[in-house]
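Peer 1: What shape does this take:
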Amino acid sequence: MNVILGIIAVILGVSALCAIYRVARGPSILDRVLAVDVLLAIVGGALAADMVFNGHTNSLVILVATSVVGFIASVTVARFVTEKK
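Peer 2: This is a model prediction of the structure:
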């Protein structure tokens, strides 16, 4: 079980670094928003993996809140960008 947890941690860590790189270097605002949305999905995956491995649902509210914030932020920026054109 510890091996699987280590593999998940490495995969989530590498993907988080890639998303942070895209946030810093993104050529447009849409690239940056998409990278932040991916970063929130990675945080959600890490919270879900923690809940599965430890057998609790204490982080469920945080998981739902980060998902809602990511969705609302993406929709808001998408509407903002389409109105500017």
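
Peer 1: pLDDT weak spots in this structure?
Peer 2: Within the chain, the set of residues satisfying pLDDT under 70 comprises 84-85.

Peer 1: which ones are touching the residue nearest to Gly26 when sequence neighbours are not counted?
Peer 2: In space, and not counting its chain neighbours, Gly26 is closest to Arg32: 4.1 Å by C-beta to C-beta, 6 or more residues apart in numbering. To be clear about C-beta, it is placed using only N, CA and C from the backbone, and glycine gets the same treatment. Shown in contact with Arg32 (C-beta atoms under 8 Å, 6 or more residues apart in numbering): Arg22, Val23, Gly26.

Peer 1: Relative to the whole chain's centre, how far out is the host helix or strand of Arg32?
Peer 2: Under the criterion of DSSP states H and E, Arg32 resides in helix 29-54. Relative to the chain's own centre, helix 29-54 is displaced by 2 Å; criterion: C-alpha atoms, centre = their mean, to the nearest Å.

Peer 1: Ok, stretch 25-42 next?
Peer 2: Using C-alpha atoms, centre = their mean, the mean C-alpha position of stretch 25-42 is found 9 Å from that of the whole chain.

Peer 1: Quick check: closest non-adjacent residue to the residue most central in space within the chain.
Peer 2: The residue lying closest to the centre of the chain (C-alpha atoms, centre = their mean) is Leu40, at 2.0 Å. Excluding its sequence neighbours, the residue lying closest to Leu40 (C-beta to C-beta, 6+ apart) is Gly70, at 3.8 Å.

Peer 1: Pull up the gap between that neighbour and Leu17, please.
Peer 2: 19 Å (C-beta to C-beta, to the nearest Å).
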